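Chemist: here is a sequence with its predicted model. Questions after.
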Amino acid sequence: MTAQPPVLPAPELDPVPPVAIARRWPAAVLRSSRPRQWPKNLLVFAAPVAAADQGRITGMEDALVAFLVFTLASCAVYFVNDVMDVERDRRHPVKRYRPVAAGHLTERHALLLAGGCVLLAEAGSAAIGSGWLAACVTGYLALSFLYSSTLKHLPVLELTMVASGFVLRALGGAAAARVDPSGWFVLVCSLGALLVAVAKRHTELASLGGAAVGHRPCLSRYTPSGLRAAQRVISVAMVGAYLSWALLNGSPWGVVCHLLTAVPMLAALLRFDWLTGRATLSRVEDLITRDRPMLLCEMVWLLLFVAGTA
């Protein structure tokens, strides 16, 4: 039986005066809601944009509601996660500064805020009369809370659970916009989501080393080389699925432009592979949204894609 690597002791927290808590409360709430993670919810626009015909994108108003709904739902998940992981976060070199772990937001307030976000998210789904959007949001919340409580400790399965959150966002946007997504579209979204989930685990394992298991026990069942190999296999499969989608979608002019978008997409995947290969504590999401070469690839992809729908 192999010995587990030592876990850093939780820091001693100085009592925070009530007046200081009240003054910091709005900022603590905003930080706990993870505004830097909100761009994930832009996936709700993927289906309506992919289904655009001759420059016309339908259902964008309802897709905007879906964006707000999933933003609220994801905030609820973050509040609950911070409560459930508070002791483990206090042993993490970065997460120890999260408001709940640092004592700037009480666990009770975090859970109350989570409940309010859930109610508002479900109300938003009802407001546009989309039962499928409500089902996607409810499924996202149920899977996320189940993940936080139990499934995050089960290797491989926890990766699919993380990926499902991204896929449900894309399907929720399709439901809100009344767009019927193709099977290839769903497959590309699923593989992309799984790619991000695998990359997240690799960066955690590579950057934290032996202490990684103390922060996320399921990492004991992964190896850096295995995660890298899985990431590259998924990337190849994603390119194949994307090319299949491009060939079967749109007019002849649109197909040519969509096929050309595979070039910046491939460049972005290669850049992503290089970025995640380094031992870094940076969030994977930041590598996608803050790296300049990555942003350039994304901009070229978008311009070519728009040209294909014109």
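Modeler: In hand now; what should we look at?
Chemist: show me where the stretch 1-150 of the chain dips below the pLDDT cut-off.
Modeler: Across the stretch 1-150 of the chain, the ranges flagged by pLDDT under 70 are 1-22, 52-56.
Chemist: which residues in it form helices?
Modeler: 18-32, 46-50, 60-84, 86-89, 99-102, 107-127, 131-149 (DSSP state H, counting those that start in this stretch).
Chemist: so which of those is nearest residue 298?
Modeler: Closest to residue 298 of the helices of the stretch 1-150 of the chain is helix 46-50 (CB to CB; 13.1 Å). The way it works is simple: take the backbone N, C-alpha and C, and place the C-beta from them, glycine included.
Chemist: using PDB, write out every CA atom in the closest one.
Modeler: In PDB, the C-alpha atoms belonging to helix 46-50 read as follows (Å, rounded to 0.1, in the frame of the first residue of the first chain):
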ATOM      1  CA  ALA A  46     -23.400  28.100 -30.200                       C
ATOM      2  CA  ALA A  47     -26.400  26.400 -31.600                       C
ATOM      3  CA  PRO A  48     -28.200  29.500 -32.900                       C
ATOM      4  CA  VAL A  49     -25.000  30.800 -34.500                       C
ATOM      5  CA  ALA A  50     -24.200  27.400 -36.000                       C
END
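Chemist: quick one: distance of that helix to the chain centre.
Modeler: On the basis of CA atoms, centre = their mean, to the nearest Å, the separation between the geometric centre of helix 46-50 and that of its chain is 18 Å.
Chemist: ok, and for that helix, which residues are buried?
Modeler: Buried residues in helix 46-50, counted by 16 or more other CB atoms under 10 Å: 46-50.
Chemist: by contact count, what packs against that helix?
Modeler: For helix 46-50, the packing partners by 3 or more CB pairs under 8 Å, 6 or more residues apart in numbering; DSSP states H and E come out as helix 157-176, helix 183-208.
Chemist: can you do 10 Å?
Modeler: Contacts defined by 3 or more CB pairs under 10 Å, 6 or more residues apart in numbering; DSSP states H and E place helix 46-50 against helix 60-84, helix 157-176, helix 183-208, helix 292-309.
Chemist: now do the contacts for the residue lying closest to residue 238 once chain neighbours are set aside.
Modeler: Once flanking residues are discounted, residue 238 sits nearest to residue 191: 4.0 Å by CB to CB, 6 or more residues apart in numbering. Applying CB atoms under 10 Å, 6 or more residues apart in numbering, one finds that residue 191 lies in contact with 163, 167, 233-242.
Chemist: of all those, which two lie farthest apart?
Modeler: The span of the contacts of residue 191, defined through CB to CB, is set by 167 and 236 at 19.4 Å.
Chemist: looking at these two, which one has more neighbours?
Modeler: Between residue 167 and residue 236, counted using other CB atoms under 10 Å, the more crowded position is residue 167 (21 against 11).
Chemist: how about the contacts made by the nearest residue to residue 50 once chain neighbours are set aside?
Modeler: The shortest distance from residue 50 to any residue other than its chain neighbours is 5.8 Å, reached at residue 185 (CB to CB, 6+ apart). Listed by CB under 10 Å, 6+ apart, the contact partners of residue 185 are 46-47, 50-51, 170-171, 174, 179, 241-242, 245, 249.
Chemist: okay if I get those residues as CSV plus distance to residue 99?
Modeler: Listed next are the contacts of residue 185 as CSV, based on distance: CB to CB, whole Å:
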residue, distance to residue 99
46, 31
47, 34
50, 37
51, 40
170, 30
171, 31
174, 34
179, 38
241, 40
242, 39
245, 41
249, 44
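Chemist: quick check, nearest of those residues to residue 275?
Modeler: Nearest to residue 275 out of the contacts of residue 185 is residue 242 (CB to CB; 19.9 Å).
Chemist: state the helix or strand in which the closest one lies.
Modeler: Residue 242 belongs to helix 224-247 when elements are defined using DSSP states H and E.
Chemist: show me which of the buried residues of helix 46-50 is closest to residue 144.
Modeler: Checking those against residue 144 with CB to CB, the nearest one is residue 46 at 19.6 Å.
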